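Asker: no FASTA, just this:
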């Protein structure tokens, strides 16, 4: 049935015919999967899909790997079918010939994943399944095509049109809030009181994208501080006893933390839309807010300083070195070395300002000696900024940052 | 860029460079589409997608056809790329080589449709776009591959896991109810009062599938009557002055009308899941309801009688002829001639009883001389019924129906 | 137990010991009511209250009257208790003595009504009970004290703080919309299509007050048209084929119909708050809307003209006569004769303009020869307008209306 | 204007004409209150009510006392008006005469409180106002009549018919859950993790009454454990590492904690309805649950033992002493000394079982040496139990508890 699937499938079945792999009726997972893909699937799809997902949930790590191998190799495309149907389609383009070609090109595992998705709650379970898969890829690169298929389907299912932006606040359900605590990746939330300080004051906001079929699970969220002026210290921003201002007094919205929540959705990009949607919404609700900036870490700075041909960092030159790094340190492909810079510049933001002593936490000191950076989202400029960035790799930056960077003399 | 796309695209642009096809900035739809598919799409996708959808909405029928031709031919696969990437994948299976193959096999029009979908409300507009396309297919069969792609994407997006079953009742929003009036395809609803008679009494139910991104639009709905005993007349069922019974008194749920609402979702099957889900839910909420049956039309009966080698229909033999037709009249592939029979038997239902004088409306008399049929959904039998039906084309029927049918002597 | 209750109660029980008045356990309604008021009420109040409400629902008109007589006379205050407890309170003011006085002053029927209200859905049933009572008052004025108590309790329960303002639109539940059709008292809604014309266009709004314990029942609603300029014809406003404008283009909000929905809430005033709340909300949502006016009938005009010492109405002087009537025709207490005028002027509105030929419906011609009037709600003026109106009976009117009125010479 | 109000009002105004008592326009609170009660109130009630509530919120404790004195004495009834109107009503009973009597009997402060309530959110502020008042009563008993009026109005507004029962669980809003932590009065919740242990497991439930106009504020809540068998230790019930059972396995629902949340609603009883409603709902949703019991503290046991003529408590006789206390220790009015016993027995529960070592917390040991008691709510018996309890003060108890108690020999 597939160009190298037959053999593997047999091996697979031989190897994994363990307890959890045979159900009460003596059917293996591959048999159940074939049933779900066949005519049974049309009428009993829900039952079969649930059965497979439940069996999967009970598998050992080893069995899961077996299942992924079955999906990768046992449900592979048939190369000959691809070339044959392609020829027919070229000779006689028609509904029938195109459908045959499309069917031949798409491995059955994609249809299997779609059919598994018909059970209520299945989407979240499939996202978790891919999370399991991702952990195996380094050691088992032969499974990578399966991941390509997962990513392809998830890109379609987690399309922006199927997401909703929701505010997350102190009136949100506790089971969602505990996920915010768990998923915050940038500035750790260490207690419910700490969470409350980020959600409850009138000058704080938080928004997340949710998928309609995974209602209780944020996909990504951004934490926002409303401030007067552009801030230069994350510790000041998050200080315990600070006085909140009225939202109406603020002129600036600071995106100080963006966190992805679902490891199984790696590579499906939401951050770009999220920031822009939140900026647009805040702009409408709070007309006095004019500046949309981040207060972002510079995760690669110290590592780069350790090897780059630049002056030794001192209290005096640290800002200049950070500016220099962000403007000049490039990868082989011409893109900035710094991953956070790549993300925001790729979204069309501009490098606005660099601050020393802006994150004096242990982590902040370790990665960048405490330096942080504001990226500026000017909604009227992001398209052209992005254009310059992807076309000629130009990093759009304020004159202040350029001037700072220029003070660093690099050895020729 | 594609194996016969280049030429067509030029022709297309030449032919359709009409008013609505060039925007204020002088860009044609193909240019906008290329922008949306390119790097612009990542950062300004929402704006571009909205622009294209708005331009589409303003197009004439002729321009729409041009747009579909562009999608079909201008965004076609490149056959050489398919065979080249396939070869590389076979030689060196890897993430990179598989991704290249998958990208080559999938025409860019699929990605275009996905990117158009990122705008709020786009899903409904894309469904309407396919509705436009379907109308053109008979006259323009060359567009059929585009429809195959639409159907492929819609199958994935309108997966059962992304649908919700919702009761539709007299407390439902009027803008949904007016769609029920408009879409009812089996027994016309002729006024709001008629609608109320089908929704408000305690022995009536209605349920529909809704997609999470098209919240105000039912996809398909089923009307249910709760009865004592299995009914034999749709006019009695819908009679104006009838006395409602308490839901708790009913032993039978009658699915007397199932209507698809979205012409643009033709070929995406929901009816099967809908009936089974509703039967399961009613079974849980009303334990006294034991029988789940339809009261269905026999749309092909009279047409078949006109040519079949059977006795002339009389008041006496009409039921027998109907039974005979449903059991014996087959297409070339061995499936029943009657489309409603194919639908329910394919879902795993059994042919339960045939009634004369069951639909004395003009339409009912014209298509079947007033005869109707109950298909029985026995949840414990549907899998095996379905199995028999698809495997050996067996029509599962009650002995009563079999006996009736046997009274018809066909000329050898 | 009460100063003239004992005797009546006996009479009552003798007269009304009919079928529906004795339950299976042989208890009469008065006995059940005493139970509900006594210690039973604390622990089985819900059951008893439901029993009484169900028994009430099944009563004949005659039995209902008996029930009301029991409440009025059988649960009357005891005058001696009032004077005794008052004396004690004056002599020794304390919690105990005040409580005793308060208990003596309040007839037990108030507590009975409160205890009946503990059943879900009871509030609506009690409102309906008062509706029954109101119909009996003219023929049975002895029941009036009971109505005073109903009104007192309803004023407390239907306090503005317990009401919510909700938009009513084409997406509202059909069971609410059918009440809008039924309750519209000013310009009849003659079909669902007519209703749709008043709710669906972008330049139409409708809002109602709802009580939190009667969620499906509007208490009062107002229909609003958004217009450019102040309209002078209700038929133009409601014309079938008219072109809607964008809400953002409107400079005026016209309250063209206000209808009370609950006869049982007569005398509980909502209209004043409703108009002001809607004006405030529209003002916030549509900043371009600057004028808030009514287009109101002049129900008493023709009746007044028939007897007043004014020139005969002609096509030329009709507006002037209407202006004159609204400004000068007064009751004995100095208030305007026209009830609609009393309502809006009492709310603080000003008499803004008078139009001939503004309502050419049969009813409009009959009551005012087609004349209508705009009352202007200027939120910054309503307090002082109201003040003038109640203090010195001044009708605040535009100079245009004053000038019109002045053209009418009245015979000395 | 009132029988001893005039003088006091002047004194009041003289004493309290402090800063916060005069607004920008120079109006004192009594003047604002008179405005709100007068014709201004009809048209500008919302504004005036908000002004008074805001002024109140800013008052010092001393000023609040002044405000309460004004309400008590300045808005007092006029005794002569009561007797005069009563006489008129007796002589000529009519709508007018009864209304005059009712108006005379009710002090204006009640109408003031009702009019304050028209502002959104006012109900919660009035509940808080009474909380302030309650704290002053011991030192200022002259304010008690005002509290009688508050309680009278709150009884009407917080009628069972205006309350909704809502589940409180781990998906409830955090701002409600933090109130559960704060208000839990029986077994302290010491962290969000502790809260989660009481809400999230499948064998735990929590329900609260909410008022429709105070949506974010629980009024009272009950915590429920679903168990196999009737539990005898609250520490076991709440143990950290315990294994949850499936709700469907449980045969018993244990109400182990009931907490009132609003000090300002003291004396408005909800507990009785809450337990019965929750028992009825659980009974419907979980048919296998047959027993509804509490696991209650015995707060007065040790205090009583210290003075009662009973044997000294030992490990052996403690259960018997507890049983004896609950059955035999009575107040002067014949009711049980123990307040928790009075509450549950008054609700119609029966004394089911007594356990030693059931609450070994510091508090549990201090009040009852660790003993606890199960009260049994048998829905079919509560009416008759209650009847016996209030009529002849019979404590309904199991034979086991009676036998235990009988082992205690009391000195004659």
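Answerer: Thanks, I have the structure now. Predicted model, so just to flag it, every value in this text is computed and none were measured.

Asker: At the geometric centre of chain A, which residue sits there?
Answerer: residue A:266 (4.6 Å; CA atoms, centre = their mean).

Asker: what sits against that residue?
Answerer: A:134, A:260 (CB atoms under 8 Å, 6 or more residues apart in numbering or on different chains). All C-beta atoms are positioned from the backbone trio N, CA, C, and that covers glycine.

Asker: Residue A:328 now?
Answerer: Here residue A:328 is in contact with A:405, A:410 (CB under 8 Å, 6+ apart).

Asker: Same question for residue A:94.
Answerer: Here residue A:94 is in contact with B:141, B:144 (CB under 8 Å, 6+ apart).

Asker: try the one 4 residues further on
Answerer: If a contact means CB under 8 Å, 6+ apart, then residue A:98 has A:89, B:144-145, B:148 as its contacts.

Asker: Just the buried positions in the strand or helix carrying it, please.
Answerer: Assigned by DSSP states H and E, residue A:98 belongs to helix A:95-105. When neighbours are counted by 16 or more other CB atoms under 10 Å in any protein chain shown, the buried residues of helix A:95-105 are found to be A:95, A:97-105.

Asker: Now that helix: average pLDDT?
Answerer: The average of the pLDDT scores along helix A:95-105 is 96.

Asker: ditto for stretch A:198-218
Answerer: Per-residue pLDDT values over stretch A:198-218 give a mean of 94.

Asker: Show me which residues of it are buried.
Answerer: Under the neighbour-count criterion of 16+ other CB under 10 Å, stretch A:198-218 has A:198-199, A:201, A:203-211, A:213-214, A:217-218 buried.

Asker: hmm, which two among these are most spread apart?
Answerer: Using CB to CB, the pair of the buried residues of stretch A:198-218 lying farthest apart is A:203 and A:213, separated by 33.8 Å.

Asker: what ranges do the helices span in the stretch 1-150 of chain A?
Answerer: For the stretch 1-150 of chain A, the helices defined by DSSP state H, counting those that start in this stretch cover A:5-16, A:29-37, A:39-57, A:61-69, A:79-91, A:95-105, A:108-116, A:122-137, A:144-157.

Asker: Which strands or helices does the longest one pack on?
Answerer: In this structure, helix A:39-57 packs against helix A:29-37, helix A:108-116, helix A:122-137, helix B:271-285, helix B:382-392, with contacts taken as 3 or more CB pairs under 8 Å, 6 or more residues apart in numbering or on different chains; DSSP states H and E.

Asker: Give me the buried stretch members for that helix, please.
Answerer: A:40-46, A:48-53, A:55-56.

Asker: hang on, the earlier thing: taking the buried residues of helix A:95-105 together, which two end up most distant?
Answerer: A:95 and A:105 (15.9 Å).

Asker: and residue A:395, what element?
Answerer: Going by DSSP H and E, residue A:395 is not in any helix or strand.

Asker: ok, it - contacts?
Answerer: So residue A:395 contacts A:326-327, A:336, A:341, A:345, A:351, A:389 (CB under 8 Å, 6+ apart).

Asker: swap in residue A:227?
Answerer: By CB under 8 Å, 6+ apart, the neighbours of residue A:227 are A:203, A:237, A:245, A:250-254.

Asker: Quick check: residues of the stretch 1-150 of chain A near chain B?
Answerer: A:3, A:39-40, A:42-46, A:79, A:82-83, A:86, A:90, A:93-95, A:98-99, A:102, A:105-106, A:114, A:117-120, A:122-123, A:141-142, A:144-145, A:147-149 (CB under 8 Å from any CB of the partner chain).

Asker: Of the buried residues of stretch A:198-218, which is the nearest to chain C?
Answerer: residue A:205 (21.2 Å; CB to the nearest CB).

Asker: The closest one: what secondary structure?
Answerer: strand (DSSP: H, G, I helix; E, B strand; the rest coil).

Asker: Give the full set of residues in contact with the residue in the stretch 251-400 of chain A that chain D sits nearest to.
Answerer: Nearest to chain D in the stretch 251-400 of chain A, going by CB to the nearest CB, is residue A:261, at a distance of 17.0 Å. By CB under 8 Å, 6+ apart, the residues touching residue A:261 are A:179, A:183, A:208, A:217-221.

Asker: If we ignore the residues flanking it in sequence, what's nearest it?
Answerer: Spatial nearest neighbour of residue A:261, excluding adjacent residues (CB to CB, 6 or more residues apart in numbering or on different chains): residue A:183 at 4.3 Å.

Asker: these two touch, right, the one you found and residue A:258?
Answerer: No: counting by CB atoms under 8 Å, residue A:183 stays clear of residue A:258, with 10.8 Å between them.

Asker: Who has more neighbours out of these two?
Answerer: Using other CB atoms under 10 Å in any protein chain shown as the criterion, residue A:183 and residue A:258 rank with residue A:258 on top: 23 against 19.

Asker: which regions of chain A lie under the pLDDT threshold?
Answerer: A:1-24, A:39, A:41, A:411-412 (pLDDT under 70).

Asker: okay, now the domains of it?
Answerer: Using automatic domain parsing, the domain parsing of chain A gives A:2-157, A:162-406.

Asker: start to end distance for the longest one?
Answerer: The distance separating the two terminal residues of domain A:162-406, taken as CA to CA, to the nearest Å, comes to 46 Å.

Asker: how far out from the middle of the chain is it?
Answerer: Computed by CA atoms, centre = their mean, to the nearest Å, the chain-centroid distance of domain A:162-406 equals 15 Å.

Asker: likewise the shortest one?
Answerer: Per CA atoms, centre = their mean, the displacement of domain A:2-157 from the mean C-alpha position of its chain is 24 Å.

Asker: show me where the stretch 201-350 of chain A has strands.
Answerer: A:204-211, A:218-227, A:252-260, A:291-294, A:296-297, A:350-355 (DSSP state E, counting those that start in this stretch).

Asker: Just the angle for the second one relative to strand A:204-211, thanks.
Answerer: I take that to be strand A:218-227. When axes from the mean of the first three to the mean of the last three CA atoms, to 10 degrees is applied, the directions of strand A:218-227 and strand A:204-211 differ by 160 degrees.

Asker: Given strand A:218-227, what are its sheet partners and their directions?
Answerer: In the sheet, strand A:218-227 lines up against strand A:204-211 (antiparallel), strand A:252-260 (antiparallel) (DSSP bridges).

Asker: Out of the ones you listed, the one nearest residue B:380 is which?
Answerer: Using CB to CB, the strands paired with strand A:218-227 put strand A:204-211 closest to residue B:380, at 34.8 Å.

Asker: give me the residue from the stretch 1-150 of chain A nearest chain C.
Answerer: For the stretch 1-150 of chain A, CB to the nearest CB, closest residue to chain C: residue A:120, 26.2 Å.

Asker: Report the separation between the closest residue to that residue other than its chain neighbours and residue A:113.
Answerer: Excluding the flanking residues, the one nearest residue A:120 by CB to CB, 6+ apart is residue B:161, at 6.8 Å. Between residue B:161 and residue A:113 the computed distance is 11 Å (CB to CB, to the nearest Å).

Asker: And residue A:275, by the same measure?
Answerer: Separation of residue A:275 from residue A:113 (CB to CB): 30 Å.

Asker: Same check on residue A:221?
Answerer: Residue A:221 is 26 Å from residue A:113, where distance means CB to CB.

Asker: again with residue A:383
Answerer: 35 Å.

Asker: Might you report the residue contacts of residue A:100?
Answerer: Residue A:100 neighbours (CB under 8 Å, 6+ apart): A:85, A:88-89.

Asker: Now for these, which sits with the most neighbours around it?
Answerer: Busiest of the contacts of residue A:100 [other CB under 10 Å] is residue A:89, holding 22 neighbours.

Asker: secondary structure element for the closest residue to residue A:299 other than its chain neighbours?
Answerer: Closest residue to residue A:299 apart from its sequence neighbours, by CB to CB, 6+ apart: residue A:367 at 4.9 Å. Assigned by DSSP H and E, residue A:367 belongs to helix A:362-368.
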